[in-house]
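Undergrad: one predicted model, sequence on top.
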Amino acid sequence: MEITLLGTGTSIPHPERASPGCLVCVGGSTILFDIGSGTLKRLAETGRSYLDIDFVFLSHFHPDHTGDLVPLLFAFRNPYHPRTGCITIGGPPGTISFYRGLCGVYGTHVEALDYDLEVIEIGAHLEMPDFSLTSIKVPHTEQSLAYRVEADGKSFVLSGDTGVSPELADFSRGADVAMFECSFTSDQEAQGHLTPATAGSMAEQAGVSKLVLTHFYPVFDGCDIRSECRKYFSGEAVVGTDLMKIKL
């Protein structure tokens, strides 16, 4: 399993951080978790093609997590670079309505042309040939999900946007890598988001081997995020950056 952070920022434009997006390559499958603005540019910088994507899994429907979905679907229709293989777009309850809403605005520009498009709403478990995917609701929006990918004895948890959640800590238990959002400093806590302290505490409860922090607002510019997290987490703590790669 190879994980590439495509966007470690938020809705606020930042010169070094795209909006949230994470690429996971496992077996013969190429997966995008969230697809915020800037994700497709970062994907191109990895040398991988947007035509290689097999799955897009959305954690929730906020624009900073979905902003490049329309450009992706529009690119698939380009007659000189057409998509031919099947792609699955999945997410929490409401994903089908979300896609229909995009079709209502953009019409045929986001509809499948000469390829198969499957839009699904993910339950607790999805079993695929290359990986298994489980999900759990987290406290951010009514629909927000965290995901856990497992393959070949390795596991990766992606929190999406979330507030403090004992359930997420249990869900992450024993993961090789957990990627938790970390939106604000401890003196600027916001409901539905984590800080270095709360992210570290949850990872410690879960007993994960490596914690990767992401989803940074500009308030963190110049801050020592890792040191704050390490006060609460005894494992390996990593401050995520765009295009960072992690191999399991």
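TA: On my side now, so go ahead. Residues are numbered from 1 along each chain as shown.
Undergrad: so which residues of the protein form strands?
TA: 2-7, 21-26, 29-35, 55-57, 87-91, 117-121, 125-127, 132-137, 145-151, 154-158, 177-181, 210-214, 236-239, 245-247 (DSSP state E).
Undergrad: of these, which is nearest Ala44?
TA: Taking Cβ to Cβ, strand 2-7 is the member of those nearest to Ala44, at 10.0 Å. (Each C-beta comes from the backbone N, C-alpha and C, glycine too.)
Undergrad: neighbouring strands - and their directions - for that closest one?
TA: strand 21-26 (antiparallel), strand 245-247 (antiparallel) (DSSP bridges).
Undergrad: point out where this protein drops to low pLDDT.
TA: For the chain, applying pLDDT under 70 flags the ranges 189.
Undergrad: quick one on the thing from earlier: buried deepest among the strands of the chain, which one?
TA: strand 177-181 (a mean of 28; mean count of other Cβ atoms under 10 Å).
Undergrad: export the strands of the chain to JSON lines and append columns for distance to Thr46.
TA: Output for those, formatted as JSON lines (distance: least, Cβ to Cβ, whole Å):
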{"stretch": "strand 2-7", "distance to Thr46": "6"}
{"stretch": "strand 21-26", "distance to Thr46": "7"}
{"stretch": "strand 29-35", "distance to Thr46": "11"}
{"stretch": "strand 55-57", "distance to Thr46": "16"}
{"stretch": "strand 87-91", "distance to Thr46": "18"}
{"stretch": "strand 117-121", "distance to Thr46": "23"}
{"stretch": "strand 125-127", "distance to Thr46": "25"}
{"stretch": "strand 132-137", "distance to Thr46": "22"}
{"stretch": "strand 145-151", "distance to Thr46": "18"}
{"stretch": "strand 154-158", "distance to Thr46": "17"}
{"stretch": "strand 177-181", "distance to Thr46": "17"}
{"stretch": "strand 210-214", "distance to Thr46": "17"}
{"stretch": "strand 236-239", "distance to Thr46": "18"}
{"stretch": "strand 245-247", "distance to Thr46": "8"}
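Undergrad: out of the ones you listed, flag the one nearest Arg77.
TA: Comparison of these against Arg77 by Cβ to Cβ identifies strand 117-121 as nearest, at 11.0 Å.
Undergrad: other SSEs contacting the closest one?
TA: With contacts taken as 3 or more Cβ pairs under 8 Å, 6 or more residues apart in numbering; DSSP states H and E, strand 117-121 sits against strand 87-91, helix 95-106.
Undergrad: just the angle for that strand relative to strand 87-91, thanks.
TA: Orientation check (axes from the mean of the first three to the mean of the last three Cα atoms, to 10 degrees): strand 117-121 against strand 87-91 gives 20 degrees.
Undergrad: so what strands line up beside strand 117-121?
TA: When DSSP bridges is applied, strand 117-121 pairs with strand 87-91 (parallel).
Undergrad: which outside residues touch the strand it pairs with?
TA: 53-61, 69, 76, 95, 98-99, 115-122, 126, 143, 145 (Cβ atoms under 8 Å, 6 or more residues apart in numbering).
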